[in-house]
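# predicted model and sequence follow; I will ask about them next.
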Amino acid sequence: MTSQSPVPVVPSSAATTVIVRAACPHDCPDTCALLVTVKGGIATEVRGDPAHPTTAGVLCTKVSRYPERTYHKDRLLYPMKRVGAKGEGKFVRISWDEAIDTIAERLTQIAARDPHAILPYSYAGTMGLVQSESMSMRFFNRLGASQLDRTICSSAGSAGYRYTVGERVGADTEHVQHAKLIILWGGNPIASNLHFWMRVQEAKRNGAKIIAIDPYRSLSAEKCHQHIAVLPGTDAALALGMMHVLINENLLDTDYIARHTLGFEQLQQRVQQWPPQRVAEVCGISVAEVEQLARDYGHAAQRGETTLIRANYGLQRVRGGGMAARNVACLPALVGAWRHAGGGVQMSTSDSFPKNGAFLQRPDFLQAHDRAPRTINMSTIGDDLLRPSSPEFGPAVEAVLVYNANPVAVAPESGKVAQGFAREDLFTVVLEHFQTDTADYADILLPATTQLEHVDVHATYGHIYMMANNAAIAPLGEAKPNTEIFRLLAARMGFDDPCFQDSDDAIAAQAFDRSHARAADYDWSRLKETGWQRLNLPAAPFADGGFATPSGKCEFYSERMLADGLDPLPGYTPPYESVSSNAVLAAKYPLAMISPPARNFLNSSFVNVQSLRDTEGEPHLDIHPDDATARGIVNDAEVRIFNDRGSMLAKARVTPRARVGLVVGLSIWWKKFSADGKNANEVTSQRLTDMGRAPTFYDVLVQVEACGAKD
């Protein structure tokens, strides 16, 4: 049912060589346009498309080595079943018929009792609409399984941003180089947004001032003109302080405020509670830093210069993360930054794309069931797999099907996650490329195709191009696309609805809603040939207002938030775990910890690629010299990081890049590649954010000790 024919763009004089258009599938805002060289049916090289406006011929180190990943010696190529204890990773090869029969039989038995006992678990292992959002979602909706609340990355910031602006639409990456002030807030684009960083560097050469706001002096922060090292979880307060200065010093675009915003008077009163002195104390920075940041921002806008805030995920992975994103989203409307192409805020461009969700996922199947499905939050999977049946929770989870995800490594409070997956009565199916930490717990392990082996179409969240992925090579071994695996399961379980016969090309052809003006010109056949197509979206989407809020304005005051039981105005919620907000806990665990992405990994992808792991080294923890000295820790010493939830081992890197009171463990390592079989999520919490039900990965207190020391 899948289309596997390569679409050449530059046929070679050698009949066996073609170059195929593809797209990077990984959880990165850049979604690069790829050119795959195929010789004799083998992919020999992956390059960035030089004609694509954002890729510009450049790939990150990870994706430029994609053939190494595709042809990795450890690729899963055949269905397997478990023969050892859960977590041991011992399997034997079986046929596809046996695998599908086993899964269908178990799911049928469980569904006969209660389909809510079946849970899909997936996220962004691939971002393609065909392989992540179509056949699998149809299958689980038809089955009546529990729904998964996919919150683990950005739902807090998305909620706060949408309350304020209406939808996740923002500044156009293609115009960033024209900005004269760029604030990188809670991100490290060198590691996780390379093509945006290239534009930032061009802007810097053109005279722009670049400011990083981050508790940690990341690779990107080191190359900025200024680094403001706020305490974790205090970004919302800094934004309030900026608003205080902008309003009190009249660094405003009063015309834009009058025409395109709602609630300015209430906002003006609220921010009087946040003078720079209070903000500096909360954030752990100087009063001068608060004031100068606001003045730089306001004065640049008053000079008519383009100002841009790149708000990333670091600021939202704390208790008050949704409000932090909301507060930051208020700033451009105060100074009129939205008037300029490349100005305003860019957090995500995801809502720019009119996806055809009704076609892709078939939510109408849910109406055929006698009750609405329950929803389980992927960020609390550790607790939820350990819950017994109850009237409040419903049935205990009896089966989990994991695809495009690695929860044993990635989900918070990892000890509980592993404990849940270790249940002997839990039937676990994993679709994977490699034997990940989660795959070790599978009862049935199924080989999935990589991006070079299947068809897909992509929306993006860092630019506004629809992207095509053509299959460059035939699937290796017996690997199958996700779509084909769920077609087989649907057929074996008697789901004869016509939608389960749709080919991947047929799905891609209707993935975007062509009745929407932004995608009116979408044509899958043409996109396969060209590789990419820009949405019909202006370079300055809110130059004349037009926000997708109920009022049509940027809402400083939000009636929707009030109706949802939230503060309708920008505010501040302190972290769950910090020295100032939880003195009792801090007495025992006095160091804040964050675990941002390592440059050579992408979440937990690429960790098993030897060349990339060799470059990254081994799990390490950055600690300030003052904190290291107080604990008798020297550079390169093995240390234990711990709290009440768990512990992990790492090598210490004594460095001022981590501010005093903060330790930084770059992630996400597979547990099997660490000395103690653990990673940073041993110490993270399953507590959720103020809005969006998201995890609080960077809202953590720990203690650190040299190995050999006593607790």
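Received the coordinates, thanks.
# measure Val664 to Met691 for me?
Distance check for Val664 against Met691: by Cβ to Cβ, to the nearest Å, it reads 26 Å. The way it works is simple: take the backbone N, C-alpha and C, and place the C-beta from them, glycine included.
# likewise Gly207?
Separation of Gly207 from Met691 (Cβ to Cβ): 38 Å.
# how about Val430?
32 Å.
# ditto for Thr349
As judged by Cβ to Cβ, Thr349 and Met691 stand 21 Å apart.
# now Arg526
Counting by Cβ to Cβ - Arg526 and Met691 are separated by 40 Å.
# between the two, who's got more neighbours?
Met691 (26 against 11; other Cβ atoms under 10 Å).
# burial of Arg326, as a residue count?
Close neighbours of Arg326, defined as other Cβ under 10 Å, add up to 33.
# quick one, phi psi at it?
phi -60, psi -50 (degrees, to the nearest 10).
# relative to Gly186, how far out is the residue nearest the centre of the chain?
By Cα atoms, centre = their mean, the chain has its centre lying nearest to Cys153, at 4.0 Å. Separation of Cys153 from Gly186 (Cβ to Cβ): 13 Å.
# what's the overlap in contacts for these two?
Here Cys153 and Gly186 share the contacting residues Tyr313, scored by Cβ atoms under 8 Å, 6 or more residues apart in numbering.
# buried residues, the longest helix along the chain. List them.
Under DSSP state H, the helix in the chain containing the largest number of residues is helix 96-113. Residues of helix 96-113 classed as buried: 96, 99-100, 102-104, 106-107, 110-111 (neighbour count, 16 or more other Cβ atoms under 10 Å).
# likewise for stretch 688-706?
Quick answer for stretch 688-706 (16+ other Cβ under 10 Å): 688-705.
# what of stretch 47-56?
Neighbour-count burial for stretch 47-56, counted by 16+ other Cβ under 10 Å, picks out 47-49, 52, 54-55.
# flag the shaky bits of the stretch 251-400 of the chain, pLDDT-wise.
The model of the stretch 251-400 of the chain has no residue with pLDDT under 70.
# mind listing the helices for it?
254-260, 264-271, 276-283, 287-302, 321-335, 357-361, 381-385 (DSSP state H, counting those that start in this stretch).
# deepest of those, which one?
helix 321-335 (a mean of 30; mean count of other Cβ atoms under 10 Å).
# may I have the helix or strand of the chain with the lowest mean pLDDT as CSV, with CA atoms only?
Ranked by mean pLDDT, DSSP states H and E, the weakest helix or strand in the chain is helix 610-616, scoring a mean of 74. Extracted in CSV, the C-alpha atoms of helix 610-616 (Å, rounded to 0.1, in the frame of the first residue of the first chain):
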residue,chain,number,x,y,z
GLN,A,610,29.0,5.6,17.8
SER,A,611,30.6,8.6,16.0
LEU,A,612,28.1,11.0,17.6
ARG,A,613,28.4,9.4,21.1
ASP,A,614,32.2,9.5,20.8
THR,A,615,32.0,13.2,20.1
GLU,A,616,29.6,13.8,23.1
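# name the helices or strands packed onto it?
Judged by 3 or more Cβ pairs under 8 Å, 6 or more residues apart in numbering; DSSP states H and E, helix 610-616 is in contact with helix 61-64.
# same question for the helix it packs on, mean pLDDT?
Across helix 61-64, the average pLDDT comes to 88.
# just the residues contacting it, thanks.
Outside helix 61-64, the residues touching it (Cβ under 8 Å, 6+ apart) are 24, 26, 32, 34, 46-48, 599-602, 605-606, 609, 612, 615.
# report the buried members of those.
Neighbour-count burial (16+ other Cβ under 10 Å) applied to the contacts of helix 61-64 gives 24, 26, 32, 34, 46-48, 599-602, 605-606, 609, 612.
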